[in-house]
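[1] this one's sequence-less:
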């Protein structure tokens, strides 16, 4: 289970506040979230070894398109992306390959990257989320 710390909650609130003040629409190509995490082979955002396996939550808007790109460092690997509601942890979007996402509603989400090849996992995933 993902439990954000105080700094993450503060950042999420600030982002949400900025989105409300600016009307919620972002410029095309603006990077929203990026980084490097370990895939979701162990289905916890922070595993027993304190490895981060989910992205930091970020705000999405219903009237905005998002472009999600990722690559996995394994020799033979294929990961899919799951966008999850940060509160309920329910999957709100799933994708097999890089591409666009148009959220049905504005919400705070995080991403996890599930390995899809048997006996693989625990690979590093580089990802970027930007506006379309």
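    Okay, I see it. Values in this document were obtained by computation on a predicted structure and should not be read as measured data.
[2] what ranges do the helices span in this structure?
    With helices called from DSSP state H, the chain shows them at 6-21.
[3] okay, which residue is most central for this protein?
    By C-alpha atoms, centre = their mean, the mean C-alpha position of the chain lies nearest to residue 111, the distance being 2.5 Å.
[4] contacting residues around that residue?
    Going by C-beta atoms under 8 Å, 6 or more residues apart in numbering, residue 111 touches 33, 54-55, 68, 81-84, 127, 129. (Each C-beta comes from the backbone N, C-alpha and C, glycine too.)
[5] mind listing which of these are in strands?
    Counting by DSSP state E, those place 33, 68, 81-84, 127, 129 in strands.
[6] Rebuild those residues as TSV, extending it with neighbour count, pLDDT and distance to residue 97.
    Converted to TSV, the ones in strands among the contacts of residue 111 look like this (neighbours: other C-beta atoms under 10 Å; pLDDT from 0 to 100; distance: C-beta to C-beta, whole Å):
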residue	neighbour count	pLDDT	distance to residue 97
33	19	97	18
68	20	97	9
81	24	97	9
82	19	97	14
83	23	98	14
84	22	98	19
127	20	97	13
129	23	98	15
